[in-house]
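Trainee: Could you work out the structure for the sequence below:
(chains A, B, C and D)
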4 protein chains.
Amino acid sequence: MDPIQPIKITKGIKVIDLVNSFSNCGFNANKISTAVEILKEAKKEKCTLFFGLAGAMVPAGMKQIIIDMINEDIINVLVTTGANMTHDLIEALGDKHYKGDANANDAELHKEGIDRIYDVFMKSSVYQNLEEFFEKNFENLKDKKTIKEFLWEIGKLVDKDDSILTTCYRKKIPVFCPALSDSGIGLMIWNNLMMDKKISFNEFEDLKEILDIAWTEKKKAIFYVGGGVPKNYIQQAMQFSSPASYGIQITTDNASFGGSSGAPLKEGISWGKMNEKGKFVNVNCDATIALPLIYAGFKG
Amino acid sequence: MDPIQPIKITKGIKVIDLVNSFSNCGFNANKISTAVEILKEAKKEKCTLFFGLAGAMVPAGMKQIIIDMINEDIINVLVTTGANMTHDLIEALGDKHYKGDANANDAELHKEGIDRIYDVFMKSSVYQNLEEFFEKNFENLKDKKTIKEFLWEIGKLVDKDDSILTTCYRKKIPVFCPALSDSGIGLMIWNNLMMDKKISFNEFEDLKEILDIAWTEKKKAIFYVGGGVPKNYIQQAMQFSSPASYGIQITTDNASFGGSSGAPLKEGISWGKMNEKGKFVNVNCDATIALPLIYAGFKG
Amino acid sequence: MDPIQPIKITKGIKVIDLVNSFSNCGFNANKISTAVEILKEAKKEKCTLFFGLAGAMVPAGMKQIIIDMINEDIINVLVTTGANMTHDLIEALGDKHYKGDANANDAELHKEGIDRIYDVFMKSSVYQNLEEFFEKNFENLKDKKTIKEFLWEIGKLVDKDDSILTTCYRKKIPVFCPALSDSGIGLMIWNNLMMDKKISFNEFEDLKEILDIAWTEKKKAIFYVGGGVPKNYIQQAMQFSSPASYGIQITTDNASFGGSSGAPLKEGISWGKMNEKGKFVNVNCDATIALPLIYAGFKG
Amino acid sequence: MDPIQPIKITKGIKVIDLVNSFSNCGFNANKISTAVEILKEAKKEKCTLFFGLAGAMVPAGMKQIIIDMINEDIINVLVTTGANMTHDLIEALGDKHYKGDANANDAELHKEGIDRIYDVFMKSSVYQNLEEFFEKNFENLKDKKTIKEFLWEIGKLVDKDDSILTTCYRKKIPVFCPALSDSGIGLMIWNNLMMDKKISFNEFEDLKEILDIAWTEKKKAIFYVGGGVPKNYIQQAMQFSSPASYGIQITTDNASFGGSSGAPLKEGISWGKMNEKGKFVNVNCDATIALPLIYAGFKG
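Mentor: A predicted model of the protein is given here:
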């Protein structure tokens, strides 16, 4: 047995050294370092990494990490919520999210046109830029055969280095968003459909594509930030192809409530989603803390 | 100020009396009774109730409560996950979920063809009945213009009193499932599309419909079991129509992680999703406990 | 395998019937019914039940359940926090706790002399009655050799049917409170020591007593509401005598954080605190909901 | 309003730079940086910092951080659990904690003489060294008038640079442990009392001392790792002297369950424990991650 070694913090300590020292500790600190090791091994083994991104991660300031992970070929397939893609687009169109106050008076915020996401604020006027963008560009967007191509086209149109959508487009990283209608982008599409326009994509073409990728790739890893649709959509792609061999899950949900978001990765072994000889870790921590630590630990 | 009155449990006590006594207690017991009061007032005021159902509620045994709440006109609009509808269909086709063991060996379960959902087991052979059903009935299903009609048709075809799908069909309760491709039913559709069949619906027709309902109904209530897409989809329908006046949320998530699932309902006031003069409660409890208590308290 | 059976709520349903139906469900509903079965079997087997009570359970209105469980010989040894005993004494002296508002302005409450415990209020003037009580009765209290006898004497002095302290005294139920100095009662003792009075007890006499009981009793059960000192104090008594055979734990804490409060009971097997062939359940639920349900289910 | 600025992770990034970038993010990442700012301001203002340490922090490898924070005059008063002091003593006597497996078979561990604390292992043979130590040194220990002096004497006797106890002794940092009997050290004292030895301290002498400090110090800060007795003991010292002006709380508990451990610091304003103009932050994160980040951010 290896002894626990108390963490020693030195002045100017690097994140990589802190994370390395976590490997000799217990509890979720240890899990952070395990996540880094699993990510390193998965990428060394040239696994295709399916990344599920739920939660309000773009508003909270996690966008650049996702962009860098795509640019550095860490993330090979992205599944996310319509909300995250909408917030990415909002920023790409020049609007911002702001540092706010979780205890603000919501009725007053409403009068001032401010939407609150815990301690992050957003002006409700962002929807005007969104509307304008979709009205102007619907012709370019409407004939896309999949949601993925639709999102890629948005990324191409906004053409911003600091956009997840643009980065996915440029790197040709498949970006899946099975519940697109459940988002601001979805509402903008509806807006245009109301004006008798048409769209060509449907979500099952995307489903076909992620299943094709999952079938084709033999070495697979999964990385979940939160649960929800992004996790479940990747999990079922594994179930109906072949199990993943490496897995990292950052969640604050709890197994005993029985939902997918809190289910430990090993539960997936019973379904054939995870390889019984695979390496998995569940990190119980706010993703705004755990994701930067894991990525910084991986980067070195 | 009203004094706290200690709960007195008598032999044979009814749930309604327990819940009433909760109203004189603190913490989440109190919230259960508040939820009952809000639900009563909302229905007395003839509010249209939008019910968001996430989590593995059908496998856990919550199906009949949803069915009864639909039959008794408590639930007027249902938004749920593809998973819950798939599990409902699985049972309607004659398969079952089983009481299992959360500590079972997942590799052994896999060998035995058993999928684990915390302490609930399901045979992986259920997919055969699903496949058969969809192959046999795809002709009936493929021309539906919305996911809602597609799901109603399934409910009509299976024709079971103890099916949520059948109940929605019979009662003409709109059932929305914006991420249908993220589920077993979605996989069955993909299966048939692979055989060069076609479907006619797309998710934006459903989006149009829920927004129409949200626009038309003036008095609205919301009731969320868990978060995820079902909650967010209803929330955005409120945002782009008019705010809800009554709200109940059962969640085990936490506001400080910033996700929609943990956001207290009052946050929705800033977005115009909730009426600032509305009545809202967040119950922090496993829904398998809270939902039966609230419904039994409402029923009397 | 036994199938999951959806819960059916009927008008006027009794708690016992609801809890029985929980036994055919999954997740924490199932755990509630398991807790009832374990409690029944433990008492049928005439186990000595050590009950650990943490959290603000008296302010929240759980007092009478504890009193009834003592009077009905369900609880045989009580370990609790100084806070719960202080709140019990406060009510025995005629003061009350009140239904409050979790979102109240704390600065204004302070000005009004109101102390807040989430959504429960207490007047800060309660300390006057406490002071008076201890000044008047210190002579009777000071010579007690153990904290248990000190607390029994308080219970005898206030002599109220609806006091946990009085009930422990009358039933001769050992009540342990290892961190008594960490409470309002503790402050009152300090107050009197400042006036050059003396007390005779020390906490190690109580430790000796609980260890003696744990040694002597061969059939033991444990029941924890929350964690903290009450749980740990009982756990160590098991460790240094013989393991408990039945266990129920109501907690909202999580195992992965490594603290005692979130540790599943089975972890205690490694320490010799729990019998490896024992029956244990961890219920993840607010105790103000779970405790009434379990007790009502037990009572029938 | 200040915009959210996405975190940019560079190769070799320092913790201080990561924490600084957290200040432009949302959710608990932001709270980590707020905690650093509060700690800096509190120490710049020469506040006396009361540090409450609960949870199995020594077994998890957090010991050296506490030692350094004492040596660097960040922690001025320490309140902790008997368990943490016992584990500190165990290591000072030459035994270790080990990296283990949270999914290990507890019955087998028990046979092998291994006690499990989530994913940390400890040999049950450590109790032999403890017994020997106390037998040998009881003479030196028994006449101490307070638990604090008793613990200081232990620290003096073991005389180890990497012991919290020794560090408290050397720096004359008051260390309070109101529930000492609820720990391995407590059991060792009981062991010796059984051999007709005596001790002189009682917990109320310690209570007097912390209240004296709380009265005397005009500028006060509090820092809680977990809740339990350590937090509550400090909170009541504030309540009965004067409120603290700065506060940091690392907890994974939830306000709505009503317990002290999950109560946000601002609730303390109503009690007069916290200054209504003070600066407070609640960090919802495993302390094995949050504490190293906050301390490293403070250190620079």
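
Trainee: what's the closest non-adjacent residue to residue A:197?
Mentor: Here the nearest residue to residue A:197 in space, its sequence neighbours aside, is residue A:138; by Cβ to Cβ, 6 or more residues apart in numbering or on different chains that works out to 5.7 Å. (Glycine included, C-beta is placed from N, CA and C.)

Trainee: any idea how far the one you found is from chain C?
Mentor: Between residue A:138 and chain C the distance, using Cβ to the nearest Cβ, to the nearest Å, works out to 44 Å.

Trainee: Same question for residue A:214.
Mentor: Between residue A:214 and chain C the distance is 28 Å, computed by Cβ to the nearest Cβ.

Trainee: what's the residue nearest to residue A:197 sitting at in phi/psi?
Mentor: With angles defined as degrees, to the nearest 10, residue A:138 sits at phi -60, psi -30.

Trainee: and the helix or strand where residue A:153 lies, which residues are buried?
Mentor: Counting by DSSP states H and E, the element that carries residue A:153 is helix A:147-158. Buried residues in helix A:147-158, defined by neighbour count with 16 or more other Cβ atoms under 10 Å in any protein chain shown: A:147-155, A:157-158.

Trainee: Give me the secondary structure label for whichever residue of the stretch 51-200 of chain A sits closest to chain C.
Mentor: Here the residue of the stretch 51-200 of chain A nearest chain C is residue A:103; by Cβ to the nearest Cβ that distance is 9.3 Å. Secondary structure assignment for residue A:103 (DSSP: H, G, I helix; E, B strand; the rest coil): coil.

Trainee: Let's see the pLDDT reported for it.
Mentor: Note on residue A:103: pLDDT of 95.

Trainee: what does the one 10 residues further on give?
Mentor: Residue A:113 is assigned a predicted lDDT (pLDDT) of 98.

Trainee: Would you confirm that it contacts residue A:124?
Mentor: Yes: between residue A:113 and residue A:124 a contact is recorded at 4.6 Å, counting by Cβ atoms under 8 Å.

Trainee: Between the two, which is the more surrounded one?
Mentor: Regarding residue A:113 and residue A:124, a neighbour count based on other Cβ atoms under 10 Å in any protein chain shown identifies residue A:124 as having more, with 16 against 13.

Trainee: Get me the contact residues on the stretch 1-150 of chain A for chain B.
Mentor: Contacts of the stretch 1-150 of chain A with chain B, taken as Cβ under 8 Å from any Cβ of the partner chain, map to A:54-56, A:59-60, A:83, A:102, A:104, A:106-107, A:109-110, A:114-120, A:124.

Trainee: tell me the contacts of residue A:170?
Mentor: Each residue near residue A:170 by Cβ atoms under 8 Å, 6 or more residues apart in numbering or on different chains is listed here: residue A:155.

Trainee: quick one on the thing from earlier: only the buried subset of the residues of the stretch 1-150 of chain A next to chain B, as a ChimeraX command please.
Mentor: A single ChimeraX command selects the buried members of these (16+ other Cβ under 10 Å):
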select /A:54,55,56,59,60,83,102,104,106,109,110,114,115,116,117,118,119,120,124
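
Trainee: Okay, and which of the residues of the stretch 1-150 of chain A next to chain B map to strands?
Mentor: Within those, membership in strands is found for A:114-117, A:120, as judged by DSSP state E.

Trainee: Save those as a markdown table, and put in distance to residue A:162 too.
Mentor: Converted to a markdown table, those look like this (distance: Cβ to Cβ, whole Å):
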| residue | distance to residue A:162 |
| --- | --- |
| A:114 | 23 |
| A:115 | 22 |
| A:116 | 24 |
| A:117 | 19 |
| A:120 | 17 |
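
Trainee: now, which of the residues you listed sits nearest chain D?
Mentor: Each of those was checked against chain D using Cβ to the nearest Cβ; the closest is residue A:120, at 4.1 Å.

Trainee: Leaving out chain neighbours, which residue sits closest to the closest one?
Mentor: Excluding its sequence neighbours, the residue lying closest to residue A:120 (Cβ to Cβ, 6+ apart) is residue D:26, at 4.1 Å.

Trainee: repeat for residue A:293
Mentor: Counting by Cβ to Cβ, 6+ apart, the residue nearest residue A:293 is residue A:32, at 5.3 Å.

Trainee: Now the phi/psi pair for that neighbour, please.
Mentor: Taking degrees, to the nearest 10, you get phi -60, psi -50 for the backbone angles of residue A:32.

Trainee: Could I get the pLDDT score of it?
Mentor: Reading off the confidence values, residue A:32 has pLDDT 98.

Trainee: Can you verify my assumption that it contacts residue A:22?
Mentor: Yes: Residue A:32 is in contact with residue A:22 according to Cβ under 8 Å; the separation is 5.2 Å.

Trainee: Give me the common contacts of those two.
Mentor: Residues touching both residue A:32 and residue A:22 comprise residue D:289, with contact defined as Cβ under 8 Å, 6+ apart.

Trainee: And the residue nearest the centre of chain A?
Mentor: Against the mean C-alpha coordinate of chain A, by Cα atoms, centre = their mean, the closest residue is residue A:53 at 1.9 Å.

Trainee: Quick one: neighbours of the residue lying closest to that residue once chain neighbours are set aside, just the number.
Mentor: Excluding its sequence neighbours, the residue lying closest to residue A:53 (Cβ to Cβ, 6+ apart) is residue A:80, at 4.1 Å. Residues near residue A:80, counting by other Cβ under 10 Å, number 31.

Trainee: Who are the contact partners of residue A:80?
Mentor: Contacts were defined as Cβ under 8 Å, 6+ apart; by that measure residue A:80 touches A:52-54, A:164, A:175-177, A:230.

Trainee: Same question for residue A:209.
Mentor: Contacts for residue A:209 (Cβ under 8 Å, 6+ apart) come out as A:146, A:148, A:174, A:176.
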